[in-house]
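> below: sequence and its predicted model.
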Amino acid sequence: MALSPSDRALGDLLVARNILTLPHFDEAVRLAEKWNVRLTDAVLSRNWIAPEQLYQGLAYHFDLPFVDLVQEPPDQTLMLRAEADLYAQQLMLPWRQRDGRLVVATALPGPETVLLARQRWGAAVEFVVTSKFSIAWAVQAAFDDALTRHAVFDLAEQDPEMSARTVFTPPQVIGVYGLLSILMAGLALEPVATLIALNVVMGIFYLGNFLLKGILVVIGGARSIERDVEIEIAARALRDDELPIFTVLVPMFREAQILPQLAEALRALDYPFAKLDIKLVLEAEDHETIEAARQLGLEGVFEIIRVPPSLPQTKPKACNFALRFARGEYLVIYDAEDRPEPDQLRKVVETFRRSSRNTACLQCRLNYHNANENWLTRMFTLDYSL
């Protein structure tokens, strides 16, 4: 898709102000047209310049002031908790009030943002430019407590039966107590018969588990080979310009040493890098990993989401918190040590397109990188394959 006149003018300005070199501009244009993304997204997918320099150039291009929301935070009385998703996903938020007009900070200046802002706040708005990192920081600073509460308690409040907040229900406690009472009485009165009965029950359980796994292997193996080859071919045929934005959540805790390997694994994905919305989900108290991420000088598609201290300190809670900042049509969760196959995200997109409309989640196959190293790794690999 051809670059818009506005983006081309922005590129000329960045070159004229020595923010971007001419070879980098030509490469950014090629990527933006190939991937069907904004010029700014193509530039952020490379480590050519600091993101703040790009946003300062963007502000100059639109003849708007540039603000750093860390140094000049927004007036939090203007921000509403119910609109936190809007701020994080549309990359704009109310910043200040000036002379009876609302000043909106945005990382995406342009006609669409103007229209959206006027629909939400009326015609009496004006704009300043900030970075998307500043937007994420400001939303976290304003709504840390509320977002944490929602991350922890939303499921329990909306669907208590699916939540683990209540570990045992009263009927379960009564049932377990009754079974234990029967077992103890049996051991006291007829110990041999009771042990035989217990052994029979356990044998039936494990036999059923074995049969279930056998059925799963037969059903899964019968459909996987031809269908997987078909999906792989179709995934390769997907054009870069038709692929959607894909959010990648990577929850980490005290894993600073893995960050360089993780970054390389994500760069190796066969997916338009500017269409990856990568969130490094880090605990706010994990200063070592946060500092390591900063020192790496990662591309602009990487963002750090700081999860405030709260219990339980688990990856699901961290992902719930970070989910508010996701901008992708699809979302994947990787562990820090994961090494996804390069074409995995393309296969996911193609599989979703072939699936029924009520398909919400896919599980990719898991495996060990050293499956053939020894007997133990082969057993783990077998379990993962099942």
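Arrived safely.
> would you map the helices across this structure?
5-16, 22-35, 39-44, 51-61, 84-90, 111-121, 132-158, 170-189, 191-237, 259-267, 287-295, 315-323, 344-354, 375-385 (DSSP state H).
> nearest approach to Gln76 belongs to which of the ones you listed?
helix 132-158 (5.0 Å; Cβ to Cβ). Every residue, glycine included, has its C-beta placed from N, CA and C.
> give the buried residues for the closest one.
By 16 or more other Cβ atoms under 10 Å, the buried positions in helix 132-158 come out as 132-140, 142-144, 147-148, 150-152, 155.
> returning to that earlier point: how about the helices of the chain in CSV, adding mean pLDDT and distance to Asp277?
Shown next, in CSV, are the helices of the chain (pLDDT from 0 to 100; distance: least, Cβ to Cβ, whole Å):
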stretch, mean pLDDT, distance to Asp277
helix 5-16, 92, 20
helix 22-35, 95, 14
helix 39-44, 95, 10
helix 51-61, 94, 14
helix 84-90, 92, 10
helix 111-121, 94, 18
helix 132-158, 93, 10
helix 170-189, 93, 41
helix 191-237, 88, 20
helix 259-267, 93, 11
helix 287-295, 92, 16
helix 315-323, 94, 11
helix 344-354, 96, 12
helix 375-385, 84, 28
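> point out the most buried one among those helices.
helix 39-44 (a mean of 26; mean count of other Cβ atoms under 10 Å).
> how about residues contacting it?
3, 7-8, 10-11, 14, 20, 24, 28-29, 31-32, 35, 49, 51, 54, 58, 274-275, 299-301 (Cβ atoms under 8 Å, 6 or more residues apart in numbering).
> cool, stretch 71-85 as well?
87, 93-97, 102, 105, 138-139, 141-143, 146-147, 324.
> Pro244: which of the helices of the chain is closest?
Ranking the helices of the chain by proximity to Pro244 (Cβ to Cβ) places helix 344-354 first, at 6.8 Å.
> list the contacts of that closest one.
Residues outside helix 344-354 that contact it (Cβ under 8 Å, 6+ apart) are 231-232, 234-236, 238, 243-244, 246, 269-271, 330, 332, 359, 362, 364.
> rerun at 6 Å
Identification of contacts with helix 344-354 by Cβ atoms under 6 Å, 6 or more residues apart in numbering yields 231, 234-235, 238, 246, 269, 271, 362.
> between the contacts of stretch 71-85, which is closest to Leu211?
Set against Leu211, the nearest of those by Cβ to Cβ is Arg324 (42.9 Å).
> how close does that closest one get to Thr77?
According to Cβ to Cβ, to the nearest Å, Arg324 and Thr77 sit 21 Å apart.
> more crowded one of these two?
Arg324 (20 against 8; other Cβ atoms under 10 Å).
> quick one on the thing from earlier: tell me which of the contacts of helix 344-354 is nearest to Arg118?
Phe246 (30.3 Å).
> check what pLDDT the closest one gets.
Note on Phe246: pLDDT of 98.
> and it, how many neighbours does it have?
The number of residues packed near Phe246 is 23, by other Cβ under 10 Å.
> show the contacting residues for the residue nearest to Ala268 when sequence neighbours are not counted.
Sequence neighbours aside, Pro342 is the residue nearest to Ala268 in space, at 5.6 Å (criterion: Cβ to Cβ, 6 or more residues apart in numbering). Contact analysis of Pro342 by Cβ under 6 Å, 6+ apart lists 268-270.
> dump those to CSV, plus neighbour count, distance to Ile204 and pLDDT.
Listed next are those as CSV, based on neighbours: other Cβ atoms under 10 Å; distance: Cβ to Cβ, whole Å; pLDDT from 0 to 100:
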residue, neighbour count, distance to Ile204, pLDDT
Ala268, 12, 47, 95
Leu269, 20, 46, 96
Asp270, 14, 47, 96
